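# coordinates only, sequence not included:
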Ligand SMILES: [Mg+2]
């Protein structure tokens, strides 16, 4: 299977920085998103940064290091270089490193019991300070603390004006992504939790930060329902592709919509997976309708830029999941 690159201009009137090329994602048989996908011109730098942060944030021989290596060995592209392809290269490397520490933390804590995991989230959250000094962190017991301190220091220093809001956003992520114990039995209740759990709010923030742009509060409020629909697509797409590696995981809190649908509708895993695919496509249609409605009112350049970038994020995520070797085992 050959996937070719195309020039970065999505539309003649694109507001995005010229920092990526689009890919022929529709050539991938299992790709189903309506949205385009791209890859950053700095993909090689991202791969090097992911290797470095993986060494720093995990210990040799650990499960989380093995998982991090697998995550970053997709021949079609690194997940950050694909999903965050619209970010300026210097910012892309930093946001990727920061989010990667969060993913490694998630890998470590998802198999702890919920009480123990919440303690670990609080321990990591204590690093989130404007005056963080990496040299003061002793990493003997938990290498993620020092790794986070180092990358956070650089991320604060490259854009001090945005740093207080960024730290608040990261604190909210750690306080909410794993704040529900037990398992869900209704998709309606699971979906709002899954948006935060899959890191969509954090990614949405870094989409804006990566392009050094802001949405005003009123701009953001005017697209909130669209953003929620896109967040549902992101989280449920991960559930769809990762079911076969998560179904036998030992955990007291399964985070996968296939399991929720099996319980809610008393159906087999195969039927629940097909149902989930339909729900994702439906949610994409809902997002597209909400965008169409929003475009009938006066729209700032920031909103137009955000629409383009978040659609590349969501399309990129489907492309990455469609091509990542670990997800390509279909029973
Ligand atoms: Mg998953």
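Thanks, I have it. Computed from a predicted structure; not experimentally measured. Residues are numbered from 1 along each chain as shown.

# now do the strands in this structure.
5-6, 20-23, 37-40 (DSSP state E).

# the second one pairs with which strands, and in what direction?
Okay, so that is strand 20-23. Pairing partners of strand 20-23, with direction, according to DSSP bridges: strand 5-6 (antiparallel), strand 37-40 (antiparallel).

# which residue ranges form the helices in the stretch 1-150 of the chain?
43-57, 63-71, 79-83, 89-109, 114-125, 143-158 (DSSP state H, counting those that start in this stretch).

# ok, residue 167 - contacts?
128-130, 156 (C-beta atoms under 8 Å, 6 or more residues apart in numbering). Placement of C-beta: from N, CA and C, glycine included.

# just the buried residues out of these, in PyMOL syntax.
Selecting just the buried residues from the contacts of residue 167 in PyMOL takes one command, with 16 or more other C-beta atoms under 10 Å as the test:
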select buried, resi 128+156
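
# let's see the pLDDT reported for residue 275.
Note on residue 275: pLDDT of 98.

# how many other residues sit next to it?
If you count neighbours by other C-beta atoms under 10 Å, residue 275 ends up with 17.

# make a markdown table out of the contacts of residue 167 and add distance to residue 314.
Below are these laid out as a markdown table (distance: C-beta to C-beta, whole Å):
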| residue | distance to residue 314 |
| --- | --- |
| 128 | 27 |
| 129 | 32 |
| 130 | 31 |
| 156 | 28 |
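
# could you dump the contacts of residue 167 to CSV with pLDDT and distance to the ion?
Converted to CSV, those look like this (pLDDT from 0 to 100; distance: C-beta to the ion, whole Å):
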residue, pLDDT, distance to the ion
128, 97, 25
129, 97, 30
130, 97, 32
156, 98, 30
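
# now do the contacts for the residue in the stretch 201-331 of the chain positioned nearest to the ion.
Taking C-beta to the ion, the ion has its nearest neighbour within the stretch 201-331 of the chain at residue 242, 3.4 Å off. In this structure, residue 242 makes contact with 256, 321, 327, judged by C-beta under 8 Å, 6+ apart.

# the first one and residue 128: what is the separation?
Distance of residue 256 to residue 128, given as C-beta to C-beta, to the nearest Å: 28 Å.

# before we move on, what about residue 287?
31 Å.

# what residues sit buried inside stretch 69-84?
When neighbours are counted by 16+ other C-beta under 10 Å, the buried residues of stretch 69-84 are found to be 71-72, 74, 76-84.

# how long is it end to end?
Stretch 69-84 has an end-to-end distance of 19 Å (criterion: C-alpha to C-alpha, to the nearest Å).

# rounded mean pLDDT for that stretch, please.
For stretch 69-84, the mean per-residue pLDDT is 94.

# most packed of the helices of the stretch 1-150 of the chain?
Relative to the other members of the helices of the stretch 1-150 of the chain, helix 79-83 carries the highest mean neighbour count by mean count of other C-beta atoms under 10 Å, namely a mean of 28.

# tell me which other helices or strands it touches.
Packing partners of helix 79-83 (3 or more C-beta pairs under 8 Å, 6 or more residues apart in numbering; DSSP states H and E): strand 37-40, helix 43-57, helix 89-109, helix 301-323.

# lowest-confidence helix or strand of the protein?
Averaged element by element with mean pLDDT, DSSP states H and E, the chain has its least confident helix or strand at strand 5-6 (a mean of 52).

# on that earlier part again, among the contacts of residue 242, who's most crowded?
Among these, the one with the most neighbours (other C-beta under 10 Å) is residue 256, at 24 neighbours.

# got any ranges where the stretch 1-150 of the chain has weak pLDDT?
Applying pLDDT under 70 to the stretch 1-150 of the chain flags residues 1-12.

# of the buried residues of stretch 69-84, closest to residue 111?
residue 71 (16.6 Å; C-beta to C-beta).

# that closest one is in contact with residue 79, isn't it?
Yes - counting by C-beta atoms under 8 Å, residue 79 is a contact partner of residue 71 at 6.5 Å.

# can you list residues touching both of these two?
With C-beta under 8 Å, 6+ apart applied, the overlap between the contact sets of residue 71 and residue 79 consists of residue 324.

# and this structure, which of its residues are near the ion?
Residues of the chain lying near the ion by C-beta under 5 Å from the ion: 238, 242.

# hey, which helix is longest across the chain?
Ranked by residue count under DSSP state H, the longest helix found in the chain is helix 269-294.

# identify each buried residue in it, please.
In helix 269-294, counting by 16+ other C-beta under 10 Å, buried: 272-273, 275-276, 279-280, 283-284, 286-287, 290-291.

# reformat these as a markdown table; add distance to residue 121.
A markdown table is the format used below for these (distance: C-beta to C-beta, whole Å):
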| residue | distance to residue 121 |
| --- | --- |
| 272 | 29 |
| 273 | 30 |
| 275 | 32 |
| 276 | 28 |
| 279 | 29 |
| 280 | 28 |
| 283 | 28 |
| 284 | 31 |
| 286 | 31 |
| 287 | 30 |
| 290 | 32 |
| 291 | 34 |
